[in-house]
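S.K.: Predicted model follows, preceded by the sequence.
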Amino acid sequence: MPPRRSSTRFLPLLLALAIPLGAQEPRDSAAAPELAPGGAVRALTTIGGAAEEGLRDAQLRGRAPVDGFLVRSPSSLAADRGNGVWIVAPEATFAWNSAIPFSINDGALWAARGLSGLVMTGVQAQAGPVRLVLAPEMSYTENGAFDDILPYDWGPEQRARYRAPWQSGTHSIDLPVRPGGGERRRIHPGQSSLTVRAGAVALGAATENQWWGPGVRNAVLLGGQAAGIPHLFLRTARPLSTPLGRVEARWIAGGLRESEWFNTDASDDWRSLSAAAVVLTPVDGVSLGVARSVYSGADGGAGVLKNGADVLLRWRGAGDTLAARPFEQMTSLFGRMVLPADGAEAYAEWVRYRLPGSVRELMERPEHTQGYTVGMQWLRPAPGGSVRLQAEHTYLEKSPSYRALPTGSYYASAAVPQGYTHEGQVIGSPVGPGASGQWLGVDWLGRGARAGIFAGRIRWANDALYDKPAPNAAFRGHDVTLLAGLRGAADVGGARVSAEWTAGKRWNYLFQGYAFDWNQRENAVNVVNHTLRLQVSAAPGRSAGRAP
């Protein structure tokens, strides 16, 4: 066996790219801060980044508009600052897991066991109505092995493909337990985009991440769990005034690629994703939205483009495995209310992955195949700054109507075997297929600093527990993670340095519970995992730390 290469050889390059250039000027909003004299460096407001967090906090304080936030991407949040060429301010994220992979909303990073890292930088340029962003991402993961805690009866094929045996049939999904074997280095197109504005409309192509919905940690349709999807887009360039209020709209046609471990058939590596969203802001602080996504098999890039209008054309027959071109769909209704005078917001998203077949069915079982996210934030003055409370609940498990009507499971599919994934990761909520999760966080926000505690719970793939592993006594435990931790951040010059430590215990890992009665419930494979996370990016506006 060749000697194991040390992951520390990768650190100097990551650290060098992570050093922000110059100092940041204080400003009243968190959107795309400029760095260095003369504005030679400009930051992107990336999904899950410090600038995005600062922008949301500024909305709670009434210092930033809510328009454009519920359906967003780095290119749509970018400010128009005239013609020129700039360096994209570097961002770097590092993660370390002690026992098993734990990767939440970190895009292309995919934090496996051991050390992982992701660095993004590049250039952006604007000439009149055309803006080009080239912001590739370089990722690394040590990807340490943990074969000794995988189920003992997984066969050679499951171990070679890192795929659970219950991920088949209605629960089929391309969701490996780890990204292959051994160290892994990749270069991704990252947060790149080409945008052309034509009046009130913008169109172009991108590989950047999207976030659709009001959630802080969970977006059911499109979120930050996987690498950005290559796609074409058409969207409103600014909110449009109508008699009902301000309206924003977006359509994308993209390609989802399966991971290299799903199967050996290269003819079905790609799926098409067609999605659209409309957001109405009837009054300041209130936003209401509807979104829908349709995904199906595609024959390469040509097939992806051919299926681009599916979100408008395909409505009946989702999940039909006998259809000439099987597809799946999800439809979402969401809303957000921001009350700056109270430093508070409340939001909700309600989703169905099967549309009702009739009015009677909708009236009798409106909850059929539903999923939802509800949450709130509250920001109040405190000594030296303010205190922020966050709470969120996401539920994507089967509804009780499965007893009377045919159903599947969120993100998994028999009709589209790779499911709602891109390169082996779910493109929606990080809780994953047929799962649920809760989150609670409390932070003190000061001027250029933040410190807090948090706790959460995730019940993984719970739909599959009842349908697939039941005949074997080794698969009778709910796979549940309980986690808690500390997090903090500080502005150092023009950089925001964020750190987070998470301690989690995962009971019945991969459903490995051997109990036959309640008194034996601890007879299971339980895993304690510690996660350290460090992020370096451009600091958000100084106002993010002031009390309202």
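M.R.: Arrived safely.
S.K.: quick one: secondary structure of A108?
M.R.: coil (DSSP: H, G, I helix; E, B strand; the rest coil).
S.K.: Which residues are in contact with it?
M.R.: 118, 137, 139, 186, 188, 190, 226-228 (Cβ atoms under 8 Å, 6 or more residues apart in numbering). No exception for glycine: its C-beta is placed from N, CA and C like everyone else's.
S.K.: How about H188?
M.R.: 108, 136-139, 207, 227-228.
S.K.: Distance check, the residue lying closest to G155 once chain neighbours are set aside against A108.
M.R.: Sequence neighbours aside, P165 is the residue nearest to G155 in space, at 7.6 Å (criterion: Cβ to Cβ, 6 or more residues apart in numbering). Relative to A108, P165 is positioned 28 Å away (Cβ to Cβ, to the nearest Å).
S.K.: what do you get for Y347?
M.R.: Taking Cβ to Cβ, one finds Y347 at 27 Å from A108.
S.K.: so what secondary structure elements neighbour the helix or strand hosting Q329?
M.R.: Using DSSP states H and E, Q329 falls within strand 327-339. Packing partners of strand 327-339 (3 or more Cβ pairs under 8 Å, 6 or more residues apart in numbering; DSSP states H and E): strand 286-297, strand 344-352.
S.K.: Repeat the analysis, applying 10 Å as the threshold.
M.R.: helix 50-60, strand 270-283, strand 286-297, helix 310-313, strand 344-352, strand 370-382 (3 or more Cβ pairs under 10 Å, 6 or more residues apart in numbering; DSSP states H and E).
S.K.: chain center to that strand: distance?
M.R.: Relative to its chain's centre, strand 327-339 lies at 15 Å (Cα atoms, centre = their mean, to the nearest Å).
S.K.: buried residues in that strand?
M.R.: Buried residues in strand 327-339, counted by 16 or more other Cβ atoms under 10 Å: 327-332, 334-338.
S.K.: For the residue positioned nearest the centre of the chain, I want the exact helix or strand it lies within.
M.R.: The centroid of the chain falls nearest to G224 when counting by Cα atoms, centre = their mean (2.2 Å). For G224, there is no enclosing helix or strand under DSSP H and E.
S.K.: before we move on, the earlier item: could you dump the contacts of H188 to a markdown table with distance to G513, pLDDT and secondary structure?
M.R.: As requested, those are exported to a markdown table (distance: Cβ to Cβ, whole Å; pLDDT from 0 to 100; DSSP: H, G, I helix; E, B strand; the rest coil):
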| residue | distance to G513 | pLDDT | secondary structure |
| --- | --- | --- | --- |
| A108 | 33 | 95 | coil |
| P136 | 43 | 98 | coil |
| E137 | 38 | 98 | strand |
| M138 | 40 | 97 | strand |
| S139 | 34 | 97 | strand |
| T207 | 41 | 98 | coil |
| A227 | 33 | 96 | coil |
| G228 | 37 | 96 | coil |
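S.K.: Out of those residues, which is nearest to R56?
M.R.: G228 (20.4 Å; Cβ to Cβ).
S.K.: which ones are touching the closest one?
M.R.: Counting by Cβ atoms under 10 Å, 6 or more residues apart in numbering, G228 touches 47, 73-74, 107-108, 135, 137, 188-193, 206-210, 254, 422, 427.
S.K.: So Y420 sits against E328, correct?
M.R.: Yes: in this structure, Y420 is within contact of E328 by Cβ atoms under 10 Å, at 7.2 Å.
S.K.: how many other residues sit next to A160?
M.R.: Residues lying near A160 (other Cβ atoms under 10 Å) number 11.
S.K.: swap in D148?
M.R.: 7.
S.K.: so who does it touch?
M.R.: Taking Cβ under 10 Å, 6+ apart as the test, what D148 contacts is V525.
S.K.: if I've got this straight, it is in a strand?
M.R.: No: D148 sits outside any strand when classified using three-state DSSP, being helix.
S.K.: quick one: it from G114, how far?
M.R.: From D148 to G114 the distance is 15 Å (Cβ to Cβ).
S.K.: cool, and G245?
M.R.: 50 Å.
S.K.: Isn't G117 up against N143?
M.R.: No: counting by Cβ under 10 Å, G117 stays clear of N143, with 11.9 Å between them.
S.K.: Of these two, give the one with the bigger neighbour count.
M.R.: Neighbours were counted for G117 and for N143 using other Cβ under 10 Å; G117 has more, 26 against 22.
S.K.: Next secondary structure after the strand or helix carrying that one?
M.R.: In this structure, G117 sits in strand 114-127 according to DSSP H and E. Counting by DSSP H and E, the element after strand 114-127 in chain order, helix or strand, is strand 130-134.
S.K.: If I take that following strand and strand 114-127, what angle do their directions form?
M.R.: 160 degrees (axes from the mean of the first three to the mean of the last three Cα atoms, to 10 degrees).
S.K.: rewinding a little: please identify every residue contacting each of Y420 and E328.
M.R.: 271, 293, 295, 353, 411-413.
S.K.: Pick out whichever of those sits closest to G434.
M.R.: A412 (6.9 Å).
S.K.: give me the number of residues near that closest one?
M.R.: So A412, with other Cβ under 10 Å, has 30 neighbours.
S.K.: For it, which residues count as its bridge partners?
M.R.: S409 (DSSP bridges).
S.K.: ok, it to Q225 distance?
M.R.: 15 Å.
S.K.: returning to that earlier point: check what pLDDT the residue nearest to G155 gets.
M.R.: P165 is assigned a predicted lDDT (pLDDT) of 88.
S.K.: correct me, but it touches S172?
M.R.: No: judged on Cβ under 10 Å, P165 makes no contact with S172 at a distance of 11.3 Å.
S.K.: buried stuff in stretch 245-259?
M.R.: Quick answer for stretch 245-259 (16+ other Cβ under 10 Å): 245-246, 248-259.
S.K.: how about those residues in CSV, adding pLDDT?
M.R.: As requested, those are exported to CSV (pLDDT from 0 to 100):
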residue, pLDDT
G245, 96
R246, 97
E248, 97
A249, 98
R250, 98
W251, 98
I252, 98
A253, 97
G254, 96
G255, 96
L256, 96
R257, 95
E258, 94
S259, 94
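S.K.: If we only consider those, which is nearest to K398?
M.R.: Out of the buried residues of stretch 245-259, the member with the shortest distance to K398 (by Cβ to Cβ) is L256, at 23.9 Å.
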